[in-house]
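Chemist: 3D model of this:
(one chain, ligands or ions: 2)
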Amino acid sequence: MKYIYLTLLAFFLAVHATATKPNVIVIMADDLGFGDVGCYGAKPKNLKTPHIDQLAKEGLRFTSGYCSASTCTPTRYSFLTGNYAFRRAGTGIAPPNGPSIIQPGEKTIGDLLKRAGYRTAVIGKWHLGLGELGKGPDWNGELKPGPREIGFDYNFLLPTTNDRVPQVYVENSRVLNLNPSDPLWVGYKKPSPDHPTGITHRHTLKMDWSHGHNSTIHNGISRIGFYTGGHSARFRDEDLADKWVEKSEEWIKKNKEDPFFLFFASHDLHVPRIPHERFKGKSGLSYRGDVIVQLDWCVGEIVRILKEQGLEKNTMIVFCSDNGPVGDDGYKDGALEFMGDHKPAGPYKGGKYSIFEGGTRTPFITWWPDTIEPGVSDEVVCTIDLATSLASHLELSLPEESYIDSLDVMGALLGKEGAKGRDHLIQQDNGGKGNFGFRKGKWKLLRHAQKMARNVKVEQKLASENIDKLTLVDLEKDPGETQNLAQSNPKMAEKLNAELQALLDRGRSR
Ligand code: NG6
Ligand code: CA
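Modeler: Ligands and ions are numbered 1, 2, ... in the order given. Below you'll find the model as predicted:
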């Protein structure tokens with residue numbers, strides 16, 4: 001009898017524990033803009049995103065959901081650490097041979113969730129460097145530190161970006177399928193005079209480059225940086241999305257008995273945009289549209305896996321992006337030419353690399369059937385807040401010195417009645433130039449220390465518009481950030497500028 005009671009008690013505790021510890025899957029798209037999916041207003045008739053739209057229909061769709069930077073590495077850094085990337089040098093777009101930007105000791109969302117008994121994994125694009133400071137990745141040896149040293153039990157990675165060398169997978173601390181007799185070399189200089197590049201062999205390319213991206217050729221596409229060897233380890237760009245889904249399914253099945261946290265880091269829509277053959281031509285736009293369809297398929301697969309495993313009622317999905325959209329990002333893939341009337345940033349100005357709304361305001365959906373009531377929320381939430389918000393939900397204490405800019409917006413993420421999101425948010429570009437956006441309620445201050453951070457066409461266009469150093473906008477009346485009210489409302493401009501400066505000087509938000 002006593003045994004039965006104990007068993008019942010254990011069962012009750014187990015059920016209770018899993019009920020309060022939802023699985024969490026963060027699906028982070030790459031370069032997906034506010035207006036790129038159906039539920040955020042995408043109009044092109046063949047650009048269909050039924051799975052993302054369904055997520056929004058069953059979950060909470062945010063109209064003021066942000067990532068913290070308008071490029072990849074700083075957004076990912078701050079999502080994982082809960083610290084604004086501008087607080088630390090060396091958090092801009094990571095080069096192919098960059099060391100792990102997050103070194104052991106710096107706390108991540110993975111560490112936090114592990115403390116609560118979660119199994120943790122990252123599958124997909126990493127782009128936060130691998131290896132020791134001052135050394136970088138040892139491509140033929142152990143790639144440490146990597147995700148496993150900073151809070152993740154498992155990783156299956158595209159180590160840098162798909163346009164940066166090398167095109168190999170990293171599983172846990174090693175390059176997958178690497179043959180030691182064909183070692184991998186990665187560098188920034190041409191390894192030999194006859195090494196084929198996007199310049200010398202331009203006529204052979206299956207997708208031509210428009211700027212940069214003219215070094216080593218793999219899969220008919222020239223990339224940023226050079227590499228040799230590792231042939232048995234190289235992937236086909238067409239297969240990446242399938243791989244992320246396959247590995248996620250394996251990992252979820254293996255870990256479903258414990259609460260788990262999966263960072264599903266899609267490489268779509270980052271350049272080179274190469275959809276799998278079955279998605280080619282599907283969107284009626286360019287490959288840029290086709291990889292949105294491919295990304296949407298991935299979202300559908302994740303939900304399918306959860307349902308098949310009976311996990312959907314106990315799993316929270318957060319769908320977001322790492323920065324806003326870009327047209328030509330270095331390859332002639334027809335993105336701009338076939339854009340038609342489609343507005344990737346929706347009603348917003350700017351996109352990737354900029355501090356205008358288009359740079360960081362992106363699709364942001366939370367989904368947790370029976371817990372999150374379907375709807376639309378105008379609360380301000382940001383990817384940087386997930387660490388502290390989940391800690392609050394799990395009643396975990398936070399060390400004073402970590403997750404310093406991550407705020408508890410869990411109530412807003414769950415759509416609880418009356419729950420508030422952030423009352424302010426600092427937006428950055430790739431960093432290093434001192435450009436900041438500062439959103440507070442309906443107001444936004446833009447501080448441009450210099451013109452735009454990066455020399456790409458969209459940005460040249462913006463720079464040629466001769467942006468004021470200090471701009472005040474009323475986002476309610478002017479979501480497109482067209483009118484500078486700094487002259488007519490100097491008090492508000494000064495107030496916001498002082499508040500922004502105080503947050504920068506204070507060194508933390510929490
Ligand atoms: C830029 C690349 C761009 C892209 C970006 C990083 C050139 C000319 N441009 O330097 O193609 O790779 O870096 O994008 O090389 S991100 O989304 O990962 O931040
Ligand atoms: Ca990106």
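
Chemist: And what about the residue of the stretch 151-300 of the chain found nearest ligand 2, helix, strand or coil?
Modeler: In the stretch 151-300 of the chain, the residue found nearest to ligand 2 is His270; the distance is 5.6 Å by CB to the ion. C-betas here are computed from N, CA, C, even on glycine. Following DSSP: H, G, I helix; E, B strand; the rest coil, the label given to His270 is coil.

Chemist: so what's the nearest residue to it once chain neighbours are set aside up against?
Modeler: With CB to CB, 6 or more residues apart in numbering as the criterion, His270 has its nearest non-adjacent residue at 4.2 Å, and that residue is Asp30. Residues in contact with Asp30 (CB atoms under 8 Å, 6 or more residues apart in numbering) are Cys72, Lys125, Ala265, Ser266, His267, Asp268, Leu269, His270, Ser321, Asp322, Asn323.

Chemist: mind running it again at 6 Å?
Modeler: By CB atoms under 6 Å, 6 or more residues apart in numbering, the contact list for Asp30 reads His267, His270, Asp322.

Chemist: Name the next helix or strand downstream of the helix or strand of the chain with the lowest mean pLDDT, please.
Modeler: Ranking every helix and strand in the chain by mean pLDDT, DSSP states H and E puts helix 457-464 at the bottom, with a mean of 50. Per DSSP states H and E, helix 457-464 leads on to strand 470-474 as the next helix or strand towards the C-terminus.

Chemist: follow-up on the earlier one: next one: the residue of the stretch 151-300 of the chain closest to ligand 2 from ligand 1, what distance?
Modeler: 6 Å (CB to the nearest ligand atom, to the nearest Å).

Chemist: Correct me if wrong: that residue contacts Asp31.
Modeler: Yes. Using CB atoms under 6 Å, His270 is in contact with Asp31, at 5.4 Å.

Chemist: Give me the common contacts of these two.
Modeler: Residues touching both His270 and Asp31 (CB under 6 Å, 6+ apart): none.

Chemist: Could you check how many residues crowd around Leu414?
Modeler: 18 (other CB atoms under 10 Å).

Chemist: On the three-state scheme, Ile25 is what?
Modeler: Ile25 - assigned by three-state DSSP - is strand.

Chemist: Flag every residue of this protein that's near ligand 1.
Modeler: 30-31, 71-73, 93, 127, 161, 163, 211-213, 224, 270-271, 323, 329-330 (CB under 6 Å from any ligand atom).

Chemist: Kindly write the ChimeraX command that selects the buried subset of the residues you listed.
Modeler: Buried members of the residues of the chain next to ligand 1, defined by 16 or more other CB atoms under 10 Å, are picked up in ChimeraX with:
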select :30,31,71,72,73,93,127,161,163,212,213,224,270,271,323,329,330
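
Chemist: which ones among the residues of the chain next to ligand 1 are found in strands?
Modeler: Among the residues of the chain next to ligand 1, the subset assigned to strands under DSSP state E is empty.

Chemist: quick one, helices of the stretch 401-510 of the chain?
Modeler: Secondary structure of the stretch 401-510 of the chain (DSSP state H, counting those that start in this stretch): helices located at 410-413, 457-464, 490-506.

Chemist: any chance of those helices in JSON lines, with distance to ligand 2 too?
Modeler: Compiled in JSON lines, the helices of the stretch 401-510 of the chain are given as follows (distance: least, CB to the ion, whole Å):
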{"stretch": "helix 410-413", "distance to ligand 2": "22"}
{"stretch": "helix 457-464", "distance to ligand 2": "14"}
{"stretch": "helix 490-506", "distance to ligand 2": "24"}
